[in-house]
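>>> Next come a sequence and a model predicted from it.
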Amino acid sequence: MDYLELRNSFLSELHGVLNTVELQALRSKYTGKKGVVTQKLKAMAAAPKEERAALGKAVNEIKDFIETQVKEKETALSKKDTRSYVDLTLPGAYIKPGGRHPVKIILNEIIDIFVSMGFAVEDGPEVETDYYNFEALNIPQNHPARDMQDTFYIKPQGAESPSHSNVESNIVLRTHTSPVQIRVMEKRKPPLMFIAPGKVYRCDSDISHTPIFHQVEGLMVDEGITFANLKAVLEAFLHIVFGPDVPVRFRPSFFPFTEPSAEVDLCCFACKGSGCRVCKNSGWIEILGAGMVDPRVLNMAGIDTEVYSGFAFGLGIERIASLRYGIDDIRLFYEGDLRFLRQF
Amino acid sequence: MLLPIEWLSDFIEITETPDRVAAMLTMAGLEVEAVYGEGHDSVFEVNITPNRGDCLSVLGLARDLSAITGRTLKLKDSYDSITQTSEEISVEITDTDLCRRYSGKIIRGVKVTKSPDWLIKRLEAAGVRAINNVVDITNYVLFELGQPLHAFDLYKLRGNAIRVKRAGGALKVRALDGVDRVVSGDSLLIWDGDRPVAIAGVMGCEGSEVTNETTDIFLESAWFLPESVRKTSKTLGLRSESSFRFERATDIGGTLRALNKAAELILELCGGSASQSIDVYPLRYEPVNVALKSKNVKRLLGVNISDDTIRGILERLGFIVSGNNGVFSVSVPSHRTDIELEADLIEEIARIHGYNNIPSVMPRAVVSAKVNKHKEILLRPLGNLLRQAGFTETINYSFMPLDTLDTFLIPDWDERRKVVEVLNPLSKEQSVLRTFLLPALIENLKLNFNFRQNDIHLYEAGTVFINDGNMLPKESFKLSMVSYVGSAKKLWSDDTPIFYKLKGIVDAIKESLWPADERDTEEGILLSYELDIGLTLSEQPFLSATNSGRVVIKRKNDAIPIPIGYIGLLSTEVMHKLGLKMRNSAVGVVELSLDEIFNVGQLPLRYKPFPKYPSIVRDVAIVVNSWTKQEKIDESIEAYKNTHNIDLIESVEIFDVYTGKSVGEGKKSIACHIVYRSAERTLVDTEIDDLHGRVVRFLLEETEGTLRS
C-alpha cells in the first residue's frame, strides 16, 4: 500500500469514530502490534539496503502522524462525553397547543376557497327584523314557507308589556344568513360576489339539530349569470372540500328566495351511492341549497332584473364538519368538552 | 305524503320499476324520501315542498309524471250525478275575500257502514285510518284529487242554510276532537241557520258530524284563502289533512270534480240519491297570462332549450301556451297559482328538462381587489396565538339564564343587565341573549373539571347582545378566556402564578398585533393594566379585588386610554356561588373587546437601526415598600434620563421580585439589570461604574428604598 493511500484511509476511518472504544480499535488497527504500519516496519527488513533509510523515515512519519491524530481525537471525544445520556423517550417540555373548534376549521376552509375564487366576505346582525329575515326574501307572513324554519322571536326592545305573543314580534334571531344578501344588495350595486358566514338560530334541539348552528351564504349577481354558472362554481367548491372525483347532483327544490331552486347532493362517500345508514339508503347526501335569485328579491333590493341575474347558495357548516370528521351527534359541537375539542 | 303507486296508475301508464319512477320524481323536485314495499304494492313517501300544494294528491303527482315522461294524463271528464230533483238548501258566502267558491250537494238515504276492502286498502296505504264509508270517501277524494271535502249530517244542520262568514268576535267552539277552543273574530267559520258548524278548512264542529245513524248528508267542497286557513290553524294549534292542503292552495277550478267524484262513490257504496250540485262562485278564476321569452330561458339557465321542448313541457303541466318564435304568452291553470312570473315558468322548464341536462360553465371573471375585514378573518392570528399558548376554542350558545347576572353579582346599573329577551326559548336556561361570554366558559370549565381534566384553558370569540333601546340590539364581538391549572404534579414544572400567565398572553396579543409601542412610533399602541389594589373593589364584581385589573390601550394621540376588557381571578365568593370546587387553585379569566381591537387595526411599522457598540450591564437589588409598583422603577429611570440629560441608559429589566424574612416585614426586594450603551462608542467600565452609582442613588431616593445587602 502506498503511504499517501494509507494516510487517507486512516483519516476517513478516523472521521467516522464516535467514541474512545472505537478510537482505540482504530489505533491498534494501524499502529498496534499487528497493525498495518507495524507490518510495514517489519517488512523493511526485506527491502534493499539503500532504500531502507528512506522507507524508515516515511513509516515513522506516518506513525507519528497517526499518533498525533489519535491524541487530538481523544481530547475532542473526552470533551464531548462528560454529559450523561438523555432519555430520548421522555416527553419534551412544551405547551400542548389547544384545539381549534371543528366548526371554525370548516368555516375558515370554506372562506378560503371562496376568497380564492374572488368572493368578498360580508357580515350582518344575528338579531334581525322580520323584513330582512323573511319579507325581503319573499317569505310573507302566513305563508307555509315560514314552517320551513322554526323561528326564535325576540321581545321588542323597550316594550314593557308583560303579555306578548310571538305573532306580534317582528324581531327574530336570524334563521339563516340570507338576510345579509339583502343588506349588501341595498348598499352596493352589481357586480356583487360575496359570501356571508355566521351563526343562525332555529327553535329546535335533538341529535341532529341544535338551536344554534353556522351557515355560509353566497351570492353572485352580474349581467349574464346563469344556472350553468351556479353549477360550475358549486361543483368546484365541493370538489375541493370533498375530493375531485365525488359525483355531485343538482335536484329541483323550493326556496322562496330562489327561482329555480336546487338542492345539491353529494354521492354518499360511505357507500359510494349504493345506499347505507349515512345517506338513509338514498345513495346521496344533501349538502347545500342554492338557486337563481328570485326576481322578486332582486327587485325589492332595487336591482334591475332586466339587466342583472344572479345565484345564491347556503350551506350548513355543522353538516359538513359532521361528515368530514364522522361526528354523529351534533350537540357535541356545543358542549365545550375538551375530550372532544382537543381532537381537532 | 304517501303515494301508493297502483293508485297513481289510475291516472298514468307506468312502465318503469318503482325505483326508476321514484328517481324521476325526485329529479323533478318531488323528492321521494323512501320507497316502502315492492312492485305494484310500492308506496312512495314524497316530500312535497310548500309551493306545490297541487302535488298533494295522486292526480297532481300523475300530472307531473306525465310532463316528465311525455305520457298522457288519464283524466276522465267529470259529470254531475243527479238522481233526484233538486232540493233547497241555501248557501251564502258573506266573506267572499276568504272563501271564493263554495260547492255542495245533498245526498239522502245513505247507509253509513264499513267501506269495501279495496277502498280501505288504498286509504291505509296512504296512511289514513278507515272510519265509515261516507267519511272514507271524502278522505279518498282528498288524496286522489287534493280537494278536501267535508260531510255534514243534514239533519243536524239547522235552518236549511249554510253561511260562510267570519266569527265576528272571539267565539268558543268545540271541534270534532272534543276540545273547546276560542277562535278569533277574524277566523272564517261555516254556520248553519244559527250556529257555527265548522272551522272553515280546518275541522268540523261537534254536533254536525256524520255518525252511524246518519241517513242524509250535505257534502261541502270549497276554496278557502290559504293565508286565512293557515292563520286560524296556527292560532288554534289545530292541523288536519284539509288545513294542510288549503294552506298550500287548493284548485279553485276543481271543487265540482271532487264533489262529483265523491257523489259517484257514495251513490255506489252507500246508496241514496243525490241532488244537483250547488255552486256559489261569485268571482270566477281569471287565468294569469305570463309572458315568456325563450331568450330569457337561455339568459337564466345558460343552456339552449328549443321552443318545441318549452311548449311541450308547459302544456303537459297544464299550461296553455300561445305565441311562437320564442315569444310566448302562458296562461296559468287554476291548480298552479304558485306561478306568477317568467322566472317561475323557467323553473318549471328547467326541472322537467332536468338539471342534469344543464351544463356547468364557470362565470367569466369579475375581478376586483378588496381587503376582507370579516371578523372571522381578523380573528385568525389571535386564535393561532391562543391555541399555541394552550387554549382550546369553544363555541357556546348565544343564550344565558337570567339569574346568571345575579350569580356574577352584576349591579343594576351595569350594561350587562340590559338583556334581550327571547319570547319562545327552548328552556329557562336559554331565556335571554348573553351580554357577556364568561358565564358559558365557566360552565365549560365546570364540565371539564368534573371529567377530571387537570389543565383547562378555553377561549371563545363570539357576539354579545345589549338591549340599547334601538330596534335591533347592540351586537359586540368579544373574546373571553378561562384558565385553570390543577394541583397534580407535573414532569416539567412551571409555577408562574396563573394571573401572570394570563397577563403574558394578553401582552403577547398586543405584541402580535402591534409590535411597535407608543414610545417607538407616533401611532404605536401602549397596552396597560389598571390594577385596583387594597381597599378599593375591583371594577368587575365577580373578580378578586386584589388579583384583577382593567385592560386599556392608548395611542400617543389618544387623550384617554380606551378600556378594552378585564383580567383577573374569580373571587372566592363567586367561585362558591358557581359551585366551583377547586381547592387551592385559582380560575383566571379574561374578556376583551375584539371590536375595539379590530378597530385599531394594523399600525404602520418602521425599521429602527440596532446599536453597533457593545453594552455594559450592571445589576442592582433594592428593598422597597411592598406596595411599590415595578412601574416606579421604570419611571424613576426615565426621570433620571430626562433630568440629567443622560442617553446612555438603554433599558431596565426586572429579573427577580422577592418577599421574605430576610428583607423585612412589609418590604420586598426588586432586582434588575440596567443596560448601558452608547450609540457612538464603546463604553469603558470605569465611567459606567460611576454613572451606575449615581443612578442607584437616584433610584433609592425616588423609591424610598435601600440597597439589599
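That came through fine. Numbers count the residues shown, from 1 in each chain, chains lettered A, B, ... in the order given.
>>> Stretch B:447-456 near chain A at all?
Yes: Stretch B:447-456 lies within reach of chain A by C-beta under 8 Å from any C-beta of the partner chain, at B:447-448, B:451, B:453, B:456. From N, CA and C alone the C-beta is placed, and that goes for glycine too.
>>> From chain B, how far out is residue A:28?
Distance, residue A:28 to chain B, using C-beta to the nearest C-beta, to the nearest Å: 44 Å.
>>> Just the mean pLDDT for the host helix or strand of that residue, thanks.
Following DSSP states H and E, one finds residue A:28 within helix A:20-31. When pLDDT is averaged along helix A:20-31, the result is 87.
>>> of the residues of stretch B:447-456 next to chain A, the lowest pLDDT goes to which?
Where pLDDT dips furthest among these: residue B:453, at 87.
>>> Give me the neighbour count for it.
By other C-beta atoms under 10 Å in any protein chain shown, 17 other residues sit near residue B:453.
>>> what do you get for the one 3 residues further on?
Counted with other C-beta under 10 Å, the burial measure for residue B:456 works out to 25 neighbours.
>>> Please name the strands paired to the helix or strand harbouring it in the sheet, noting orientation.
Element membership of residue B:456 [criterion: DSSP H and E] is strand B:455-466. Using DSSP bridges, the strands paired with strand B:455-466 are strand B:392-393 (parallel), strand B:474-485 (antiparallel).
>>> Make JSON lines from these and add mean neighbour count and mean pLDDT to it.
Output for those, formatted as JSON lines (neighbours: other C-beta atoms under 10 Å in any protein chain shown; pLDDT from 0 to 100):
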{"stretch": "strand B:392-393", "mean neighbour count": "24", "mean pLDDT": "98"}
{"stretch": "strand B:474-485", "mean neighbour count": "22", "mean pLDDT": "96"}
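>>> just to revisit the earlier point, outside of the helix holding residue A:28, which residues touch it?
A:10, A:13-14, A:17, A:34-38, A:63, A:66-67, A:70, A:73-74, A:77-78, A:81 (C-beta atoms under 8 Å, 6 or more residues apart in numbering or on different chains).
>>> Return the set of buried residues in that helix.
Across helix A:20-31, burial judged by 16 or more other C-beta atoms under 10 Å in any protein chain shown covers A:23, A:26-27, A:30-31.
>>> what do you get for stretch B:65-85?
B:65-69, B:73, B:81.
>>> Could you single out the nearest of these to chain A?
When these are compared for distance to chain A (C-beta to the nearest C-beta), residue B:68 wins out at 11.1 Å.
>>> Could you list the domains of chain B?
B:2-69, B:90-280, B:289-353, B:375-600, B:616-707 (automatic domain parsing).
>>> any idea which of these scores lowest on pLDDT?
domain B:375-600 has the lowest average pLDDT among these, namely a mean of 88.
>>> so what strands line up beside the helix or strand where residue B:671 lies?
Per DSSP H and E: residue B:671 is located in strand B:667-676. Applying DSSP bridges, strand B:667-676 is found paired with strand B:616-625 (antiparallel), strand B:649-658 (antiparallel).
>>> and after the first one, which helix or strand comes next?
Past strand B:616-625, heading to the C-terminal end, the next element that is a helix or strand (DSSP H and E) is helix B:630-644.
>>> Between strand B:649-658 and that following helix, find me the angle.
For helix B:630-644 against strand B:649-658, the angle by axes from the mean of the first three to the mean of the last three C-alpha atoms, to 10 degrees is 150 degrees.
>>> What residues of helix B:630-644 count as buried?
Buried residues in helix B:630-644 (16+ other C-beta under 10 Å): B:632-633, B:636-637, B:640.
>>> for the lowest-mean-pLDDT helix or strand in chain A, packing partners?
Between all helices and strands in chain A, the lowest mean by mean pLDDT, DSSP states H and E belongs to helix A:36-43, at a mean of 81. In terms of contacts (3 or more C-beta pairs under 8 Å, 6 or more residues apart in numbering or on different chains; DSSP states H and E), helix A:36-43 is packed against helix A:20-31, helix A:49-80.
>>> what does the stretch 201-350 of chain B have sitting close to chain A?
Counting by C-beta under 8 Å from any C-beta, the positions of the stretch 201-350 of chain B adjacent to chain A are B:226-227, B:230-231, B:234-235, B:247-248, B:299-303, B:341-344, B:346-347, B:350.
>>> The domains of chain B into CSV, with extra columns for distance to residue B:610?
Listed next are the domains of chain B as CSV, based on distance: least, C-beta to C-beta, whole Å:
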stretch, distance to residue B:610
domain B:2-69, 68
domain B:90-280, 73
domain B:289-353, 60
domain B:375-600, 13
domain B:616-707, 10
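>>> export the least confident helix or strand of chain A as PDB, just CAs?
Listed next in PDB are the C-alpha coordinates belonging to helix A:36-43 (Å, rounded to 0.1, in the frame of the first residue of the first chain):
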ATOM      1  CA  VAL A  36      -0.800  -2.000   9.200                       C
ATOM      2  CA  VAL A  37       2.100   0.400   9.900                       C
ATOM      3  CA  THR A  38       3.900  -2.000  12.200                       C
ATOM      4  CA  GLN A  39       3.700  -4.600   9.400                       C
ATOM      5  CA  LYS A  40       5.400  -2.100   7.100                       C
ATOM      6  CA  LEU A  41       8.200  -1.600   9.600                       C
ATOM      7  CA  LYS A  42       8.700  -5.300   9.800                       C
ATOM      8  CA  ALA A  43       8.600  -5.600   6.000                       C
END
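>>> what is the orientation angle of that helix with helix A:49-80?
Compare the direction of helix A:36-43 with that of helix A:49-80 by the same axes, to 10 degrees and you get 160 degrees.
>>> so what's the residue located most distally from the centre of chain A up against?
Distance to the chain centre peaks in chain A at residue A:49, reaching 80.9 Å (criterion: C-alpha atoms, centre = their mean). Residues in contact with residue A:49 (C-beta under 8 Å, 6+ apart): none are found.
>>> Chain A: helices as residue ranges?
Under the criterion DSSP state H, chain A contains helices at A:3-15, A:20-31, A:36-43, A:49-80, A:102-116, A:130-133, A:179-187, A:227-242, A:295-300, A:317-325, A:338-341.
>>> So which bits of the fifth one are buried?
Residues of helix A:102-116 classed as buried: A:102-108, A:110-111, A:113-115 (neighbour count, 16+ other C-beta under 10 Å).
>>> do the longest one as well
Judged by neighbour count using 16+ other C-beta under 10 Å, the buried positions of helix A:49-80 are A:55, A:59, A:62-63, A:65-66, A:69-70, A:73, A:77.
>>> export these to TSV and tack on pLDDT?
Output for the buried residues of helix A:49-80, formatted as TSV (pLDDT from 0 to 100):
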residue	pLDDT
A:55	81
A:59	83
A:62	87
A:63	87
A:65	89
A:66	90
A:69	89
A:70	90
A:73	87
A:77	81
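>>> Could you look up the SS state of residue B:150?
Classification of residue B:150 by DSSP: H, G, I helix; E, B strand; the rest coil places it in strand.
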